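sequence first, predicted model second:
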Amino acid sequence: MSHAFSNGKYAIVGAGLMGRLLAVALAKRGAQVELFEKGGSDANLAAARIAAAMLAPLAESAITEDNVVRMGVHSLPRWKQLIDELAKPVYFQQNGTLILWHRQDTSDAERFASHLARNCDHNLALSKPIHLDSQSLAEIEPSVAERFTQGLYLPNEGQLDNRQLLEALLVELTLMKVPCHWNQTADPEQLRTQKNGYDWVIDCRGLGAKASWEHASSDKDLRGVRGEVIRLYAPEVKLRRPTRLIHPRYPIYIAPKEDDVYVVGATEIESEDLSPMSVRSALELLSAVYTVHSGFAEARILEMATQCRPTLKDNLPEISVDRKPNQAGLMMINGLYRHGFMISPAILDCALEILDAGASSTAIDLGLQVTASSNEELSTCA
């Protein structure tokens, strides 16, 4: 990558996960960066704050497209690099994912396992799932061996602590003296027309950019998909890795964090309703988690939270680039849906390549959709 960033001036609008990652990455490369966020520095408006932050491309391959899976595979080692470069530690674990099911749901589990096996045959970068009998399950995850006699182990998958990461990125921005305009609404279109202003304006507002995406193209409707997550304190439960329960009505994941905290989720509802969690969702999530480990009966509920994930029409992420004479370039990044943490390093790498060289071979390799305005020739379109 060239040293062009050291001469560039960038405005980033939206300080969720992508906004912070890009601001830190550009500032580390010597760019002048300003960050604008309508909320506070605690990221309380960001979808990234309400997430389990599981890095599970194989598990997600059962429900998403191949290019998203490839972005997830690309991102896993990049997360380790990115976190190692931060001054403040972030909990990161790459200890695999455990899949469990109750006996009556065996047929669903078999279909799930077959699906993953086919995906591994198609994508050789994925590690094949390992079938566990009662003995091997007890060795890998002894705390669930009394309730389950079989399982599926997905090696190499990981997770991180989303809130620690957001805080660590904030610390990094502070250390590098990046101007951050908290509680300030900014319009990317206005920023790009400022005289003697920015070279690039990068729109990372998530759902806040809904009107901009609709204005860019009639087929780029941006919508929110509601997710509900419960955080529990459960010192009697000692799960070693993220665990998913296959269930016909209540499929859940349980992501163990530090200090006996567990993130349990998540519902997925086609709605932009940000009201508190419903009784039905709470009952389903808590009932399902109790069937995995009886120790959750004495857990303390720390938080029930909801947020809407920004999602494009095809449920796939996209980078849109617009260049006009006498204006700053505009880059819009959106549609990370439920895979924000799993794929954001891949999106970051592609965005940096485009900003640096006007093209991204990584985007082409991974199948990331990159679109350009009609009056511009951009060789990154994939």
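On my side now, so go ahead. From a predicted model like this one, the values you see are computed outputs, not experimental measurements. Numbers count the residues shown, from 1 in each chain.

Thr243 reaches Asn95, doesn't it?
No - the criterion here is CB atoms under 8 Å, and Thr243 misses it with Asn95 at 11.1 Å. Glycine gets a C-beta too; all of them are placed from N, C-alpha and C.

so these two - more neighbours on which side?
Shown here are Thr243 and Asn95; by other CB atoms under 10 Å, Thr243 has more neighbours (23 against 15).

contacting residues for Lys28?
Applying CB atoms under 8 Å, 6 or more residues apart in numbering to Lys28 gives the contacts Glu85, Met176.

same question for Val261.
Listed by CB under 8 Å, 6+ apart, the contact set of Val261 reads Arg231, Leu232, Tyr233, Ala234, Leu302.

try Tyr290
Phe296, Ala297.

quick check: mean pLDDT of the helix or strand harbouring it?
Assigned by DSSP states H and E, Tyr290 belongs to helix 279-292. For helix 279-292, mean pLDDT is 94.

ok, now stretch 118-125?
On average, stretch 118-125 scores 94.

same check, this time on stretch 93-105
In this model, stretch 93-105 carries a mean pLDDT of 96.

about what we covered before: what's the ChimeraX syntax to select whichever of the contacts of Val261 are buried?
Restricted to buried positions by 16 or more other CB atoms under 10 Å, the ChimeraX selection for these reads:
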select :231,232,234
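
mind putting the contacts of Val261 into a markdown table with distance to Leu285 and pLDDT?
Compiled in a markdown table, the contacts of Val261 are given as follows (distance: CB to CB, whole Å; pLDDT from 0 to 100):
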| residue | distance to Leu285 | pLDDT |
| --- | --- | --- |
| Arg231 | 11 | 98 |
| Leu232 | 10 | 98 |
| Tyr233 | 15 | 98 |
| Ala234 | 13 | 98 |
| Leu302 | 14 | 98 |
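
can you flag which of the contacts of Val261 belong to strands?
Taking DSSP state E, the ones among the contacts of Val261 that sit in strands are Arg231, Leu232, Tyr233, Leu302.

got a list of what the most centrally placed residue in the chain touches?
Centrality entry for the chain: nearest residue to the mean C-alpha point is Gly340, 1.7 Å, by CA atoms, centre = their mean. Shown in contact with Gly340 (CB under 8 Å, 6+ apart): Leu17, Met18, Ala47, Ala48, Ala51, Arg309.

which one of the residues you listed is nearest to Thr267?
Arg309 (11.5 Å; CB to CB).

C-alpha coordinates for the helix or strand harbouring that closest one, PDB please?
Using DSSP H and E, Arg309 sits in strand 300-312. C-alpha atoms of strand 300-312 as PDB (Å, rounded to 0.1, in the frame of the first residue of the first chain):
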ATOM      1  CA  ARG A 300     -28.400 -12.900  37.100                       C
ATOM      2  CA  ILE A 301     -29.900 -10.900  34.200                       C
ATOM      3  CA  LEU A 302     -27.500  -8.000  33.600                       C
ATOM      4  CA  GLU A 303     -29.200  -6.600  30.600                       C
ATOM      5  CA  MET A 304     -31.900  -7.200  28.000                       C
ATOM      6  CA  ALA A 305     -31.100  -5.200  24.900                       C
ATOM      7  CA  THR A 306     -32.400  -4.600  21.400                       C
ATOM      8  CA  GLN A 307     -30.900  -3.000  18.300                       C
ATOM      9  CA  CYS A 308     -31.500  -3.100  14.600                       C
ATOM     10  CA  ARG A 309     -28.800  -4.300  12.200                       C
ATOM     11  CA  PRO A 310     -28.400  -2.300   9.000                       C
ATOM     12  CA  THR A 311     -29.300  -4.600   6.100                       C
ATOM     13  CA  LEU A 312     -29.500  -4.100   2.400                       C
END
